[in-house]
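A.B. asks: Kindly return the folded structure for what I paste below:
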Amino acid sequence: MITGFAGDNYPKPAPNSLYSNLLEGKPFELELWSLLSIVQRLMAGAMRLPGFITNSLLGSDLILDKLGKTAFLLPDPKHQGINGSHSPNYKGKKGVDLVYILPLNPDLTLLHAVVGDEEGNLVLCPPCGEGYWGALSAKQGVVATVEKIVPKGSIPPELVSIPGNRVKAISIAEFGAHPQSLRVYNLSGIPAFAGLSTYLDDYEFQIEANEAANAPSRAEKWYADFVNLKGGHAEYLERIGISRLKRLKQIPKENKVTKLEDPKTVNDSEQMIILAARAIQEYVKSNGYKTILAGIGAAHISAWTAARFLEKEGIEVKIITELGFFL
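C.D. replies: Numbering: from 1, shown residues only. Presented below is the predicted three-dimensional model:
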């Protein structure tokens, strides 16, 4: 498996028991890339480029098993020194080296889109981020499921994420993104989106799946109950239940906290977030940064908190989240 992440992302980014021995090649061989570098490989594959130059992986253990195979160190032309020879465990160094990575072209890309038309044109769930590179890089094309198939020509061209000439097959699968969420464009007057609505992440289901992975017997039962189904997707939705699916379409009202917590009750996680926010605050001030990239988990909250601290000092910064929002 070639991937940039193997684990759980809710209720927090964490390892999954099923993958505890992956680095030993069990239950399958793993080739782990940074999220940036794997997307750059897909970009190179989509554009039919021979490779991609990146700063990612430099100085990281992730590069060691790839050197001479799918990643190659090149001298940075801005570096004035002499690179010379390096030890077998040399990982490269920013400002001295660059990494040349080979393109990645999967045979097929499987994805779920909001809507597709009879010609295969697909609209992905916003924010699309880098989602289309995997589709465009596939050698044979895309096999897609959608919430709805509409007549050709009914999707405005500017909303098409994946053109139909890249789509090999398309079929309807309502709630096809479950247990993850699916956001629908709020575009009144466009028939292609009529009858479609946003549904939220099924966090309860995700936690159940994570907990089932902790014991082999429970994992096997969960697989039999929700994956290895003779009735396919229809049986899957039946097992989830109509009431639960309806509940996922009920968008809750904004939860505004009116009662402030006692600052003396701060826990370790909250203290870590505040300390990280203060560090970000000082880093922005000392370097004059105008944007903060907010990663997943505690880093996200720290970034927002730092922005609030800076705002009180009259310093404005923009927050960019890892999914592609710019706020």
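A.B. asks: How is the protein divided into domains?
C.D. replies: The chain breaks down into these domains under automatic domain parsing: 2-101, 108-193, 263-321.
A.B. asks: Need the winner for burial among the ones you listed.
C.D. replies: With neighbours defined as mean count of other Cβ atoms under 10 Å, the domains of the chain peak in mean count at domain 108-193, which reaches a mean of 18. C-beta here means a position set from N, CA and C on the backbone, and glycine is covered the same way.
A.B. asks: avg pLDDT for that one?
C.D. replies: Average pLDDT, domain 108-193: 93.
A.B. asks: Show the end-to-end separation of that domain, please.
C.D. replies: For domain 108-193, the first-to-last residue distance is 27 Å (Cα to Cα, to the nearest Å).
A.B. asks: starting at the chain centroid, how far to it?
C.D. replies: Relative to the centre of its chain, domain 108-193 is centred 17 Å away, using Cα atoms, centre = their mean, to the nearest Å.
A.B. asks: And for stretch 308-324?
C.D. replies: For stretch 308-324, the distance to the chain centre is 22 Å (Cα atoms, centre = their mean).
A.B. asks: Show me the contact partners of it.
C.D. replies: Stretch 308-324 has contacts (Cβ atoms under 8 Å, 6 or more residues apart in numbering) with 127-129, 277-278, 281, 284-285, 289-296, 300, 303-304, 306-307, 325-327.
A.B. asks: can we see that at 10 Å?
C.D. replies: Residues outside stretch 308-324 that contact it (Cβ atoms under 10 Å, 6 or more residues apart in numbering): 35, 126-131, 274, 277-278, 280-282, 284-285, 288-297, 299-300, 303-304, 306-307, 325-327.
A.B. asks: Output the below-cut-off pLDDT ranges for the protein.
C.D. replies: For the chain, the stretches with pLDDT under 70 are 81-85, 188, 255-258, 323-327.
A.B. asks: Go again with 90.
C.D. replies: Counting by pLDDT under 90, the chain contains low-confidence residues at 5-28, 78-89, 94-95, 125-132, 183-190, 213-216, 251-269, 293-300, 320-327.
A.B. asks: all strands for it, in order.
C.D. replies: Secondary structure of the chain (DSSP state E): strands at 2-3, 31-32, 52-54, 71-75, 97-101, 108-117, 122-123, 141-150, 167-172, 291-294, 318-321.
A.B. asks: Could you name the stretch from those strands that's closest to Leu248?
C.D. replies: Closest to Leu248 of those is strand 141-150 (Cβ to Cβ; 13.0 Å).
A.B. asks: now that closest one and strand 108-117, what's the angle there?
C.D. replies: 20 degrees (axes from the mean of the first three to the mean of the last three Cα atoms, to 10 degrees).
A.B. asks: Sheet-wise, list the partners of strand 141-150 with their directions.
C.D. replies: Applying DSSP bridges, strand 141-150 is found paired with strand 108-117 (parallel), strand 167-172 (parallel).
A.B. asks: ok, Lys290 to Leu310 distance?
C.D. replies: The gap separating Lys290 from Leu310 is 11 Å, by Cβ to Cβ, to the nearest Å.
A.B. asks: hang on, the earlier thing: I'd like the domains of the chain as CSV, with distance to Lys230 appended.
C.D. replies: Listed next are the domains of the chain as CSV, based on distance: least, Cβ to Cβ, whole Å:
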stretch, distance to Lys230
domain 2-101, 23
domain 108-193, 16
domain 263-321, 36
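A.B. asks: so which of the ones you listed gets nearest Phe205?
C.D. replies: When the domains of the chain are compared for distance to Phe205 using Cβ to Cβ, the nearest one is domain 108-193, at 4.2 Å.
A.B. asks: Quick one: residues contacting Gly231.
C.D. replies: For Gly231, the contact set (Cβ under 10 Å, 6+ apart) comprises 237-239.
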